[in-house]
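>>> Need coordinates for the following:
(chains A, B, C and D)
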2 protein chains.
Amino acid sequence: MTDHAHAFCCPDHSGAAPAEAILAQAEARARARGARLTPVRRRTLEILLEAHGALGAYDVLEKLAAEGYGTQPPVAYRALNFLVEHGLAHRIRRLNAFTACTHPGEDHRAAFLICAQCNSVTEATAPELSRALHAAARTAGFTIECSTIEALGRCSACTPA
Amino acid sequence: MTDHAHAFCCPDHSGAAPAEAILAQAEARARARGARLTPVRRRTLEILLEAHGALGAYDVLEKLAAEGYGTQPPVAYRALNFLVEHGLAHRIRRLNAFTACTHPGEDHRAAFLICAQCNSVTEATAPELSRALHAAARTAGFTIECSTIEALGRCSACTPA
DNA sequence: GCCTTGACTGTTATGATATAACAACAGATA
DNA sequence: TATCTGTTGTTATATCATAACAGTCAAGGC
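So this is what the prediction gives:
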């Protein structure tokens, strides 16, 4: 799943928001919400941050198990679900996978851009997009609780010039 | 999954676009694309059209099997994938389920509104939404091949007045 | 007519993803 | 200290999806 050669296709994980800062933010955010970022949970978030692209629950589990945490699926799913619930990670449904949130703290509704070639997942904040979706829902008399926006295609690095 | 009492929450399947018309359109569309809407495929589409909300592949399989078609998962998945590929049905990723396209023929990019209470799935055409997504992608240098937009919430019938 | 061809259907078997239910434990608190 | 709540880990199982292969059938070339 994450077997690409790691060239220039993963903008977020060598650049802008370094893992340590994100972890610190995550810690603060969890605290603020009365939730505990326990060792497994913290380590799970680190694993996601270290990854290129999104990771499946079983990929995460494998790493956790190798480090002495539990070896069974619920261990990974619980940690991942915790992170998702608290806005520290996102579930990418098209991939049955998870990715760290690259800007936790902000109350955002993101769209995910999934590169079919290098497997990178880019989180695009798009207020207008969210607005358009809510508008469309309102027209139908529908009240949105949460939404998923995912696009599959080619990232800038994988697009032939 | 589809065990609600069928009150007023499924706008599309007692109203606007009757199943027969959709089937006829589907037939025409398949023909036009050089594809064959064989008995299993047609019946699968009918099953989706008859359903309240979206159906899982195994739900569809159960019905097909009961009617003398194959009894194994690939039978359902193949038919469903055919329908999706030809724009006659949609995959709802959040539900691991499928739903008939309520307006085949139009080259649309739809958003799906999933009611958490009655399980209905409404297909909302939203040109602006699509436009906003493409715009957001372009900003990131990303080229979209296909996209998924799904929202979970309450439909009009399930929203307390 | 009949034979080749390619698409379709069905099967067995297996893989991949996800959760239910329970036991042990750790920290907070009355 | 006794108890409660939340967390972790386990076993077992449920759910979703596909690979690979064999038989079938309709359409077109000869």
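
>>> which other helices and strands contact the strand or helix carrying A:G153?
Under the criterion of DSSP states H and E, A:G153 resides in strand A:143-154. Here strand A:143-154 touches strand A:110-115, helix A:127-139, helix B:127-139, strand B:143-154, going by 3 or more C-beta pairs under 8 Å, 6 or more residues apart in numbering or on different chains; DSSP states H and E. Backbone N, C-alpha and C define where each C-beta goes, glycine included.

>>> Just name the most buried of these.
Most buried of the helices and strands packed on strand A:143-154 by mean neighbour count (mean count of other C-beta atoms under 10 Å in any protein chain shown) is strand A:110-115; its value is a mean of 25.

>>> That strand and chain B in contact?
Yes: legend: contact between strand A:110-115 and chain B by C-beta under 8 Å from any C-beta of the partner chain is shown at A:111, A:113, A:115.

>>> picking that back up, name every strand pairing with the strand holding A:G153 and say which way it goes.
If you go by DSSP bridges, strand A:143-154 pairs up with strand A:110-115 (parallel), strand B:143-154 (antiparallel).

>>> Residues of chain A that sit close to DNA strand C?
A:56-58, A:72-74, A:77, A:81, A:96 (C-beta under 7 Å from any atom of the strand).

>>> now, which of the residues you listed sits nearest B:E20?
A:N96 (36.4 Å; C-beta to C-beta).

>>> Spatially central, which residue of chain A would that be?
The residue lying closest to the centre of chain A (C-alpha atoms, centre = their mean) is A:T99, at 2.6 Å.

>>> got a list of what it touches?
Contacts for A:T99 were tallied using C-beta atoms under 8 Å, 6 or more residues apart in numbering or on different chains; they are A:48, A:51, A:53-55, A:89-90, A:92, A:112, A:121, A:123.

>>> looking at this, A:R91 is in a strand?
Yes: judged by DSSP: H, G, I helix; E, B strand; the rest coil, A:R91 forms part of a strand.

>>> Isn't it up against A:Y77?
No: the criterion here is C-beta atoms under 8 Å, and A:R91 misses it with A:Y77 at 10.7 Å.

>>> Around DNA strand D, which positions in chain A sit nearby?
By the rule C-beta under 7 Å from any atom of the strand, the part of chain A lying against DNA strand D is A:35-36, A:38-41, A:69-75, A:78-79, A:82.

>>> By neighbour count, which of those wins?
Among the residues of chain A next to DNA strand D, A:A79 has the most neighbours (other C-beta atoms under 10 Å in any protein chain shown), with 28 neighbours.

>>> quick revisit: ok, the residue nearest to the centre of chain A to DNA strand C distance?
When distance is defined by C-beta to the nearest atom of the strand, to the nearest Å, A:T99 is 13 Å away from DNA strand C.

>>> and the helix or strand that residue falls within, average pLDDT?
If you go by DSSP H and E, A:T99 is part of strand A:97-100. The average pLDDT for strand A:97-100 rounds to 97.
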